[in-house]
Each structure stands twice: as structure tokens, then as C-alpha cells.
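Let me see the structure of the following:
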Amino acid sequence: MKKILLYILLLSTTIFTSCEEVVTLDLSNAEPRLVIDAVIKWKKGTSGENQTIKLSLTNDFYSSDILTANGAIVTITNSTNTVFNFTEVPNTGEYICSNFQPVIGETYRLEILYDGQIFTATNTLFATPSIENITQETVSGFGGDEEIQIKYFFQDNGNEENYYVLKVINPNKRIPEFGVVSDEFFQGNMMFGFYSSSELQPNLPLELNVQGVSRGYYNYMNQLTTIAGSGSGNPFTTPPATVRGNIVNQTNIDNYALGYFHLSEIDTVNYLVQ
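Sure, this is the predicted structure:
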């Protein structure tokens, strides 16, 4: 599926000269594997009717092209056998539904028919607390420079174990930044997401997000953000190591898909850095 690029630094016998050689290992490519981005997010204050599932294929390591998975049949079915059809925007790999019905605690089943194979997963729609307060503080960084720190607070439900995915969209960053947190040591307390960046400046608009998730999706995102590097990567690009989700190929179990099927509320607040 991927090739490996090794950078070998060759040091000469003197301390004054060195050279760098790029070695490309021409390894055999595996067959493309289906990548499924099927995270249904019900934004608070909306009906949640409009949802999108994205399908793509893994590509060669050296290629930056995204291979879209076209022509699939994508449905989600709830516990009363109501079927929600996701129709592809032609040749984009984006499958949209405009009449989805999100219900907290409801169980949903994803089914995807692609290239003669059936992929399925089942999950429950999780609740999410609201962002109640945002604070900003300027502190001295390690180098003595001033650094802006943002905290956004939400109330944990003390009657159950809870897991959260946090996301910040910074317009100065190419991709969103993710983090995960559990209430293991904060059961029933006010919790917060923390964000700091050297690129934070006054009048910079940020989008702050919190999403209540299952333990399985928490573990999945924890692995992806660790691989990406301190939670700063995009979890829906092809990872450098295989991270298995909860989607099963019912036709050929060995030809598993990458990605995860998850449903939950999400709370979003737009914040202007002071």
C-alpha cells in the first residue's frame, strides 16, 4: 500500500562536511483499500437532517492525489427499520442525505455496497454537553515570549463514564487540530479543552468543538492523533500505520476498510481571540 522514504545522512571522516542522500525503496503496492469517513455529527441547534459520508481509496505513498470511491450504495438504518439513503454527488466520493433523523440513544446500522462487497457497522448516537464558558490568558512561554492560551469549559455527566473528542479550527492551520479526553479523573466535574499556538493573535477567529463519543471511538481517535503527532494531524488522511475501526467487510473479512462509523451531537462555538 505504501512505500518508505529513508533519509540517510552520510557523515564524512571530517567534522566539517556531510552529505544527504534520498533513497527511494520501490516496494510493491497493495491493492487499494476502502477508506470510510462515516462520522455523523448532529450540531446542536440544528435538525441534523443534512449529513455526509465520504468514501475514498488508499493511494501510493508518493502520490498526493485522493482516489474517490464512486458508485457505492450507502444507507443508514435505525432501530425501527427506517432507511436513510446517502446519494453520491457525482464523481466526488461524497454521499449526502437530507432527511436523516438523529435521536440520542438510538441505534443505527451503516451498510455500504462497494465493488461487489458489503461493509457494515452498528453504533449508538451519543449526547454531548454544551460549551458553557471560554477563558483566555496570556502567559510567558519557554523562550520568554508571551503565549495566548484558550480554555473552553463543558459540564461532565457524573452518572456515567464519558469520552470526548475536541477539535479546534484555526484559519492559520491547514487542517483542524484534534485531541481526546476522558472523565476518568473528572467524573461529574466541569471539564475543559485547552488550546495554545504560537500563531494565536488578537482578532483571529477560532472554531471550538466538543463531541461526546463512545469508548471505542475515543480509543480509535487516540491512536490516530498519536500517530499524527500530538493531535495535530488530520485523522482522515491515510495513516502511516494501520488503525482498524469498527467497520466489517461481510463479504471478505480480510479486505477490511479503514475508518469508523460513529454518531453523536457536537457543540461548536466561534471565538474571536482578544
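
What are the buried residues along the longest strand along the chain?
The longest strand of the chain (DSSP state E) is strand 258-272. Residues of strand 258-272 classed as buried: 258-269, 271 (neighbour count, 16 or more other C-beta atoms under 10 Å). C-beta: built from backbone N, CA, C; applies to glycine.

How about stretch 179-198?
By neighbour count on 16+ other C-beta under 10 Å, the buried set for stretch 179-198 is 179, 180, 181, 182, 183, 191, 192, 193, 195, 197.

before we move on, what about stretch 145-155?
Buried residues in stretch 145-155, counted by 16+ other C-beta under 10 Å: 148, 150, 152, 153, 154.

hang on, the earlier thing: ok, the buried residues of stretch 179-198 vs residue 47, which is closest?
residue 193 (25.8 Å; C-beta to C-beta).

ok, that closest one touching residue 177?
No - using C-beta atoms under 8 Å, residue 193 makes no contact with residue 177, being 10.6 Å away.

Which neighbours do those two have in common?
Common contacts of residue 193 and residue 177 (C-beta atoms under 8 Å, 6 or more residues apart in numbering): residue 168.

Out of the buried residues of stretch 179-198, which sit inside strands?
179, 180, 181, 182, 191, 192, 193, 195.

for the stretch 151-274 of the chain, which spans come out with low pLDDT?
Low-confidence segments of the stretch 151-274 of the chain, defined by pLDDT under 70: 229-241.

swap the cut-off to 80 and go again
198, 228-242 (pLDDT under 80).

where do the helices sit along it?
Taking DSSP state H, counting those that start in this stretch, the helices of the stretch 151-274 of the chain run over residues 215-228.

Verify the contact between residue 177 and residue 170 for me.
Yes - Residue 177 is in contact with residue 170 according to C-beta under 8 Å; the separation is 6.8 Å.

thinking again about what came up before, show me which of the buried residues of strand 258-272 is closest to residue 202.
For the buried residues of strand 258-272, the residue nearest residue 202 by C-beta to C-beta is residue 271; the value is 12.1 Å.
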